[in-house]
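based on what follows, work out the 3D shape:
(one chain, ligands or ions: 1)
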Amino acid sequence: MRFDIITIFPNFFEGFLTHGILSRALTNGAAEVHTHDLRAFTHDRHKTVDDRPFGGGEGMVLKPGPIFEACESLNLIPKSLRDPSKETVILLSAQGRPFTQAIAHELVEAERVVFVCGRYEGVDERVNEQLCDRELSIGDYVLSGGELGAAVIIDSIVRLLPGALGNPDSARFESFGAAAVPSVVAPGEPPPSTNAAGGLLDYPHYTRPADFRGTPVPEVLTGGSHEAVRKWRRQMALCKTLRNRPDLLANASLSAEDLRYLDKLRRAAEISMPE
Ligand code: SAM
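Residues are numbered from 1 along each chain as shown. Predicted structure coming up:
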């Protein structure tokens, strides 16, 4: 899979590309990342990429010319003929649609993803209209540039590439994962770490030591009952989702057992509410 990043700060990505899963994917050829210095597509002595906004107001805007030329140098298929499920151009923007794990799953199917990183007050809108297939935001806050957004999106896609994670189930069944989960553990089978899937947040994890500075891990995890572990993990995922992201519950796939547990949690919360 190929990523191209159009940016005024190509060196920004140096550290990010040399660690962990991403670095491994680059080394084994599963992914390639190419950065393109926007200033290389300017024609004046000062390598000017920005200009004042029409209509007045503070700040500067990235000019369309260098971005169009940068895209042309990449031999992209024109937007009107492009199949964005194979080759897609993304504008990073605080005004974009929120980036989600579901979009990461869509993008991992593409062969090539191109990012246009804004700076200053943003990018001339003709870039969005004529070159880009999607305008994406990585959250409801304003960054100083699109580079962090591109890095976040690349990271979340690359870990979904086949073979990127040691255990492919890790990507299928983690927070926000849409895959359905087995509702009971088969006799003799260890509990799969899948009890957060179906659109919930992940459950809490513990590792050794069993007792850390006087705080033991929950007893159920060391009790040897796989079914009890499955049930506990599912309940904790429901509990975390209800507490931190109740909005996710509306689209989660929930069993009758899940709904009963959520009802119990909600009633317990009502009881503990102060008068
Ligand atoms: N004037 C813009 C606004 O109010 O929406 C903010 C521009 S911001 C300072 C400069 C650049 O950072 C944007 O063009 C965009 O590329 C990037 N950026 C800022 N916030 C972002 C976000 N939440 N997600 C993705 N990119 C973002």
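
name the residues of the stretch 51-200 of the chain found near the ligand, please.
92-95, 117-119, 121-123, 137-139, 141-146, 149 (Cβ under 6 Å from any ligand atom). C-beta coordinates here come from the backbone N, C-alpha and C atoms, glycine included.

ok, 8 Å please
59, 62, 91-96, 99, 116-123, 136-146, 148-149 (Cβ under 8 Å from any ligand atom).

list buried residues within those.
62, 91-94, 96, 99, 116-120, 122-123, 136-138, 143, 145-146, 149 (16 or more other Cβ atoms under 10 Å).

in helices, which of the residues you listed fall?
residue 149 (DSSP state H).

and residue 114, what are its bridge partners?
residue 4, residue 89 (DSSP bridges).

could we number from 20 for the rest of this?
Right, with 20 as the first residue, what we last looked at is residue 133.

please name the residues that touch it.
Neighbouring residues of residue 133 by Cβ atoms under 8 Å, 6 or more residues apart in numbering: 22-25, 90, 93, 95, 106-109.

now swap in residue 109 and tell me
132-135, 151-155, 169, 172.

now the longest helix seen in the chain: buried residues?
When the chain is parsed with DSSP H, its longest helix is helix 245-263. Buried residues in helix 245-263, counted by 16+ other Cβ under 10 Å: 245, 248-261.

number of residues surrounding the residue of the stretch 170-294 of the chain at minimum distance from the ligand?
Minimum separation of the stretch 170-294 of the chain from the ligand (Cβ to the nearest ligand atom) falls at residue 171, amounting to 8.3 Å. The number of residues packed near residue 171 is 18, by other Cβ atoms under 10 Å.

go on, residue 244?
Number of residues near residue 244 (other Cβ under 10 Å) recorded here: 13.

and for residue 239?
15.

domain parsing for this protein?
21-177, 193-291 (automatic domain parsing).

so how far is the last one off the chain centroid?
In this case it means domain 193-291. Once both centres are worked out by Cα atoms, centre = their mean, to the nearest Å, domain 193-291 turns out to sit 22 Å from its chain's centre.

distance between the ends of it?
30 Å (Cα to Cα, to the nearest Å).

now for the residue of the stretch 170-294 of the chain closest to the ligand: which residues touch it?
Taking Cβ under 8 Å, 6+ apart as the test, what residue 171 contacts is 118, 157.

bridge partners for residue 235, pull those for me.
Bridge pairing for residue 235 - DSSP bridges - gives residue 230.

please work out how many residues are found near it.
12.

quick check: residue 277 touching residue 257?
Yes: at 5.9 Å, residue 277 counts as touching residue 257 under the criterion of Cβ atoms under 8 Å.

quick one: the helices in the stretch 70-219 of the chain?
83-92, 120-126, 144-150, 166-177, 187-191 (DSSP state H, counting those that start in this stretch).

can I get these in JSON lines with mean pLDDT and distance to residue 69?
As requested, the helices of the stretch 70-219 of the chain are exported to JSON lines (pLDDT from 0 to 100; distance: least, Cβ to Cβ, whole Å):
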{"stretch": "helix 83-92", "mean pLDDT": "98", "distance to residue 69": "9"}
{"stretch": "helix 120-126", "mean pLDDT": "96", "distance to residue 69": "28"}
{"stretch": "helix 144-150", "mean pLDDT": "98", "distance to residue 69": "13"}
{"stretch": "helix 166-177", "mean pLDDT": "98", "distance to residue 69": "16"}
{"stretch": "helix 187-191", "mean pLDDT": "73", "distance to residue 69": "39"}
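
between the ones you listed, which one is nearest to residue 40?
Shortest distance between residue 40 and those, using Cβ to Cβ, is found for helix 166-177: 6.3 Å.

and the nearest residue to residue 102 once chain neighbours are set aside, how far from residue 230?
The shortest distance from residue 102 to any non-neighbouring residue, by Cβ to Cβ, 6 or more residues apart in numbering, is to residue 96 (7.8 Å). Plainly put, residue 96 is 59 Å away from residue 230 if you go by Cβ to Cβ, to the nearest Å.
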